[in-house]
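A.B. asks: Task: produce atomic coordinates for the following.
(4 chains, ligands or ions: 2)
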Amino acid sequence: MSLPSPWRADFPAFAAFGRDCQTYLDSAATAQKPQAVLDALLGYYAGGAANVHRAQHTPGERATLAFEGARAKVAAWLNADSASQIVFTRGATESLNLLAYGLEHLFAAGEQIAVSALEHHANLLPWQQLAQRRGLELLVLPLDAAGDIDLKQAERLIGPRTRLLAVSQLSNVLGRWQPLEALLTLARARGALSVVDGAQGAVHGRHDLQALACDFYVFSAHKLYGPDGLGVLYGRPQALERLRHWQFGGEMVQQADYHEAHFRPAPLGFEAGTPAIGAAIAFGAALDYLEGLDGEAVAAHEAALHARLLAGLRAFDGLHLLAEPHTALASFVVEGVHNADLSQLLAEQGVAVRAGQHCAMPLLRRLGLPGALRVSLGLYSEGDDLERFFAALHHALALLR
Amino acid sequence: MSLPSPWRADFPAFAAFGRDCQTYLDSAATAQKPQAVLDALLGYYAGGAANVHRAQHTPGERATLAFEGARAKVAAWLNADSASQIVFTRGATESLNLLAYGLEHLFAAGEQIAVSALEHHANLLPWQQLAQRRGLELLVLPLDAAGDIDLKQAERLIGPRTRLLAVSQLSNVLGRWQPLEALLTLARARGALSVVDGAQGAVHGRHDLQALACDFYVFSAHKLYGPDGLGVLYGRPQALERLRHWQFGGEMVQQADYHEAHFRPAPLGFEAGTPAIGAAIAFGAALDYLEGLDGEAVAAHEAALHARLLAGLRAFDGLHLLAEPHTALASFVVEGVHNADLSQLLAEQGVAVRAGQHCAMPLLRRLGLPGALRVSLGLYSEGDDLERFFAALHHALALLR
Amino acid sequence: MSLPAAAREALAAFAQCPGWEQRARLLLQWGERLEPLDDTERCEAHRVHGCESQVWLLGERRDGRWHFRAGSDARLLRGLLAVLLARVEGLTAEELQAVDLADWFARLGLSRQLSPSRSNGLNAVLQRMRELAAQG
Amino acid sequence: MSLPAAAREALAAFAQCPGWEQRARLLLQWGERLEPLDDTERCEAHRVHGCESQVWLLGERRDGRWHFRAGSDARLLRGLLAVLLARVEGLTAEELQAVDLADWFARLGLSRQLSPSRSNGLNAVLQRMRELAAQG
Ligand SMILES: Cc1ncc(COP(=O)(O)O)c(C=O)c1O
Ligand SMILES: Cc1ncc(COP(=O)(O)O)c(C=O)c1O
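C.D. replies: Ligands and ions are numbered 1, 2, ... in the order given. Sure, this is the predicted structure:
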């Protein structure tokens, strides 16, 4: 049962990790990039960079076509109706901040925003701070025993004063798919806008946003095998129309005078200044690469690895999973052992897993834990990575107990 | 007088431009990148990407060290006291928006913000919109006949109600160094904060920010031979302390609970979410590259080329410069010929110059022009580029007149 | 769908055009053919935004068929407008929605003018034309 | 500047330590030596933020010399705190500002623990120590 990944060789980082005796199991933090991404990045810069949307000259046209081509690829990947529904940002975090500022004008004091108890800071703090600015109430939807947003309670809590629901698709700590369909139906029934944080969800399986029926969906390129510094905000056309412009500058302007200005609609109106052109083009290449894989084979590989991960962890005495994860990752603690000690000794052995609060301090506090370890997988991960991790964990625990 | 650039071969894009018969004279829009930048980008991704500031594991530490090393290089390049004065953003535009939102709480209705009549939209619109949000007055400092901010008028206009002055160091349209020293002294005397838009200025010569004595200075990596998607906000410590946090998420948090949170100080407190790690590291490599050049030789080459550009343009009948540029670029119109027609015919001949309003619509309107052409230079530009441009201009004018 | 006479003429002229110079000359000539707009027509209401040059577009439906007029301060753009108008002259709203203008410019060897690079603005003109026809 | 006795002992032990395992064992042992903090001392006021683990630091000046006590819920970090305290025990404020702690950890073969990666938090402890000494 060695579970090799047939796609591993497409990712040059693993040759380097091999040389340095590193085992990378922190893909939920950021993923490695296939060679196709590096080629696209290099091809763009070495072929002649140019700014986009500004010039008639050939390098400028070429860059604009490639940049807009990447937008179209993102739209196709998400099954969006049109490329104009895709706004490029720096990352999921910026997408969420854009929403919290761009929708601010829709809220009146006393209204409510609903998030869940398992949100990443990026999908909690922008709303929390918006609530503080506007005198809103932040509803925190509680979790059930399995670690999912409790639908019964959500139904009770989400009411006519609730103007927006913002929830994760897949928890970055618990690894569980959240009951989005029911929640989105509920939000729609109550007349609330909906925001889905797809930062983790987008990486596992491909999602049809027309079927998902949220108003906004956000994720980061760097977790989906693309470069860092690029994120996506998808919106339904009617939802995008409700956004106020947020950042101002360069080519997002329609007409400007000293004392007043008019701005373009989405997407360009929300991309102030020179964007991350190279990153967008390279992310297009990442999607092309993913498009070329057999999605079912990828899912089957990830599922087999994940099962192996869980089985392996269960063999350790006193090890407790924070929840029963569906996919992609497993978070755990070991009785009587501090997660920081464990992660340090794993690091000494060249095993890269993440320890701590995973940018979800309130969730960890609610679970009564100072922190936890998280092992997370990518499509390039394989059985040998897990074996090295299990051996290192064994060794670390022997030292610590 | 062929003026070859001794650094041209360091920039792989010129081989591609050569193959495609393209002459790139639009460096003020974005600059080409030296091979060292591509190598750093590739080295980072192929060596194993990792998120920064989050994990104890070796790839994470390596990435964090490289990312923080890049911050230190930026600080050294600007002669800042400390790396903690350098905030990474997406670009000059985001830096300016960060300031306009982060300083908003300092303004009361009826107070004033002063900008100049020649600002790029990125240094106009964030302040204009802040003025609208807060009921402030936006003072527009007029220009003198040469195309510089008129100091006499500035002295008259900037008064005790003026809380902030935001001006460009080097105009992206007129190519003139603005009288910063006098303006900054004036601002300080009146108790106003000062913001310098160094997007163009940072590219020509190296500036000592301790000597410059502004409160904030911003620029974009992509114009200074670095990758796109990265910008810099420099601030004096006392000025940075006055900034309110703006974007929220991931690792900018000190302590978070569902209903309240505390944030880190600058720089990390202003870098919400996964930053453009690869771009930052590659920008560090760009600065290393520049650091290795003979600054005086670069300045002399740019000056000689610029003189040749001006002399060549003067030989055309009916061609008018928008101002007498000091360095880097020249903007012009030709009597009876539309700038769009000219730029299209230059593009047909493989000459990449920029036409239009250069993201400075109000300035162009004030000059009474629907648009203008701009030729701009980088340290890799050379005499032959100019000769090809002159020949193409000649040809285009022959067709159009 | 048979082409209007002016469109056939444009196709004949541009399709056999050997290079950029010749094409530019042709565009300049076609631009001269545009029926000039008077001062009241060159107004804000008819202005097409999203072009770095100034462009105006007026549309009128007579007997179920669309007739457009257009102008610009840039001469090459005037030529592009002329070959565009040649193609759409007298179409019904349905025909207008159906006509493949990207293909039309491609057949003329003018595809590049439709690039998403915003500065030229021909795309904005096409969009405005469709909006007018949809309203009308 | 001569080293305090405990510091000399740490140097002797760590400097000849052959590998990560041995070093980890030593850190665990040194961590045991930390004088435990009582519940009132493990309070918010003494908490050092910026560490993923919980860390507390207390400092006291007697006769012009600084004496620190520290604790953590993580055991390896307790070891690091112990070798840190061994180095700074009994220093004056001036000596404290002058001591090169990066060098100290380097001599112990523990440089990596000072990486700017925030999660371990030793840097935050050093900074808090300097703040206390500056105030005190
Ligand atoms: C669920 C979730 N939301 C949001 C984010 C933020 O992503 P980024 O740091 O790329 O902006 C992350 C990644 O850390 C995440 O896991
Ligand atoms: C003077 C000036 N300010 C600001 C900017 C905006 O820079 P960016 O688009 O990289 O954010 C530019 C570049 O276009 C500029 O020339």
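
A.B. asks: what's the spacing between residue A:290 and chain D?
C.D. replies: 30 Å (C-beta to the nearest C-beta, to the nearest Å). C-beta coordinates here come from the backbone N, C-alpha and C atoms, glycine included.

A.B. asks: Could you pull out the helices in the chain for me?
C.D. replies: In the absence of a named chain, this looks at chain A. A:13-19, A:35-48, A:58-77, A:92-102, A:125-134, A:151-157, A:180-189, A:209-212, A:237-240, A:277-291, A:295-314, A:339-348, A:361-366, A:383-400 (DSSP state H).

A.B. asks: should've been chain C
C.D. replies: Under DSSP H, chain C gives helices at C:5-15, C:20-33, C:75-88, C:93-98, C:101-107, C:122-135.

A.B. asks: among the helices and strands of chain C, which one scores worst on average pLDDT?
C.D. replies: Least confident helix or strand, chain C: helix C:122-135 with a mean of 85, by mean pLDDT, DSSP states H and E.

A.B. asks: my guess is residue A:129 contacts residue A:97, does it?
C.D. replies: No. Residue A:129 is not in contact with residue A:97 according to C-beta atoms under 8 Å; the separation is 9.1 Å.

A.B. asks: Between these two, point out the one with more neighbours.
C.D. replies: residue A:97 (25 against 21; other C-beta atoms under 10 Å in any protein chain shown).

A.B. asks: remind me which residues of the chain are low pLDDT?
C.D. replies: Here I'm looking at chain A. A:1 (pLDDT under 70).

A.B. asks: wait, I meant chain C there
C.D. replies: Where chain C drops to pLDDT under 70, the residues are C:1, C:116-120, C:136.

A.B. asks: mind redoing it with 90?
C.D. replies: Residue ranges of chain C with pLDDT under 90: C:1-5, C:15-19, C:44, C:48-54, C:93-94, C:96-99, C:101-102, C:110-128, C:130-136.

A.B. asks: Could you list the residues of chain C in contact with chain B?
C.D. replies: C:20-21, C:24-25, C:28, C:52-54, C:73-77, C:119-120 (C-beta under 8 Å from any C-beta of the partner chain).

A.B. asks: Please apply the same query to the stretch 101-250 of chain A.
C.D. replies: So the stretch 101-250 of chain A meets chain B at A:117, A:120-122, A:124-126, A:128-129, A:138, A:140, A:220, A:222, A:227-231, A:245-250 (C-beta under 8 Å from any C-beta).

A.B. asks: re earlier: which elements pack onto the least confident helix or strand of chain C?
C.D. replies: Counting by 3 or more C-beta pairs under 8 Å, 6 or more residues apart in numbering or on different chains; DSSP states H and E, the packing neighbours recorded for helix C:122-135 are strand C:55-62, strand C:65-72, helix C:75-88, helix C:93-98.

A.B. asks: wait, what's in contact with residue A:10?
C.D. replies: The contact partners of residue A:10, taken as C-beta atoms under 8 Å, 6 or more residues apart in numbering or on different chains, are A:34-36, A:289, A:380.

A.B. asks: so how far is residue B:272 from the closest residue to residue A:91 other than its chain neighbours?
C.D. replies: Nearest residue to residue A:91, sequence neighbours excluded (C-beta to C-beta, 6 or more residues apart in numbering or on different chains): residue A:231, at 3.7 Å. Computed as C-beta to C-beta, to the nearest Å, the residue A:231 to residue B:272 distance reads 12 Å.

A.B. asks: Quick check: neighbours shared by residue A:129 and residue A:97?
C.D. replies: residue B:248.

A.B. asks: so how far is ligand 2 from the residue lying closest to residue A:382 once chain neighbours are set aside?
C.D. replies: Leaving aside its chain neighbours, residue A:382 sits nearest to residue A:5 (4.3 Å; criterion: C-beta to C-beta, 6+ apart). Separation of residue A:5 from ligand 2 (C-beta to the nearest ligand atom, to the nearest Å) stands at 39 Å.

A.B. asks: Near chain C, which residues of the stretch 201-350 of chain A are found?
C.D. replies: A:251, A:254-255, A:264.

A.B. asks: Mind splitting chain A into its structural domains?
C.D. replies: A:8-32+A:294-400, A:38-291 (the TED database).

A.B. asks: Can you say which of those domains is packed in most?
C.D. replies: Stretch with highest mean neighbour count among the domains of chain A: domain A:38-291 (a mean of 22; mean count of other C-beta atoms under 10 Å in any protein chain shown).

A.B. asks: right, is that one up against ligand 1?
C.D. replies: Yes. Using C-beta under 6 Å from any ligand atom, we find that domain A:38-291 touches ligand 1 at A:91-93, A:120, A:122-123, A:168, A:172, A:197, A:199-200, A:220, A:222.

A.B. asks: Mind checking which of these land in strands?
C.D. replies: With strands taken from DSSP state E, the overlap with the residues of domain A:38-291 next to ligand 1 comprises A:168, A:197, A:220.

A.B. asks: Let me know which of the helices of chain C is tucked in deepest.
C.D. replies: helix C:75-88 (a mean of 24).

A.B. asks: Could the C-alpha coordinates of that helix be exported in PDB?
C.D. replies: Only the C-alpha atoms of helix C:75-88 are listed here, as PDB (Å, rounded to 0.1, in the frame of the first residue of the first chain):
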ATOM      1  CA  ARG C  75      -9.100  59.100 -38.000                       C
ATOM      2  CA  LEU C  76      -8.300  55.400 -38.000                       C
ATOM      3  CA  LEU C  77     -11.100  54.800 -35.600                       C
ATOM      4  CA  ARG C  78     -13.400  56.600 -38.000                       C
ATOM      5  CA  GLY C  79     -12.300  54.100 -40.600                       C
ATOM      6  CA  LEU C  80     -13.100  51.200 -38.300                       C
ATOM      7  CA  LEU C  81     -16.500  52.700 -37.600                       C
ATOM      8  CA  ALA C  82     -17.100  53.100 -41.300                       C
ATOM      9  CA  VAL C  83     -16.500  49.400 -42.100                       C
ATOM     10  CA  LEU C  84     -18.500  48.500 -39.000                       C
ATOM     11  CA  LEU C  85     -21.500  50.600 -40.200                       C
ATOM     12  CA  ALA C  86     -21.200  49.100 -43.600                       C
ATOM     13  CA  ARG C  87     -21.700  45.700 -42.100                       C
ATOM     14  CA  VAL C  88     -24.700  46.500 -40.000                       C
END
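
A.B. asks: Which residue is the nearest non-sequential neighbour of residue A:310?
C.D. replies: Using C-beta to C-beta, 6+ apart, the closest residue to residue A:310 is residue A:330 (6.1 Å).

A.B. asks: one step back: not counting the least confident helix or strand of chain C itself, show me its contacts.
C.D. replies: So helix C:122-135 is in contact with C:48-51, C:55, C:57, C:59, C:66, C:68, C:70, C:77, C:80-81, C:84, C:88, C:93, C:96-97, C:101, C:105, C:113-114, C:116, C:118, going by C-beta under 8 Å, 6+ apart.

A.B. asks: follow-up on the earlier one: closest to ligand 2 out of the helices of chain C?
C.D. replies: helix C:122-135 (21.9 Å; C-beta to the nearest ligand atom).

A.B. asks: Now find how far off-centre that closest one is within its chain.
C.D. replies: Distance of helix C:122-135 from its chain centroid, counting by C-alpha atoms, centre = their mean, to the nearest Å, is 10 Å.

A.B. asks: residues in contact with the closest residue to residue A:163 other than its chain neighbours?
C.D. replies: Distances taken as C-beta to C-beta, 6+ apart put residue A:111 closest to residue A:163, at 4.9 Å, once the chain neighbours are dropped. Neighbouring residues of residue A:111 by C-beta under 8 Å, 6+ apart: A:136-137, A:161-163.

A.B. asks: I'm done for today, thanks for sticking with me.
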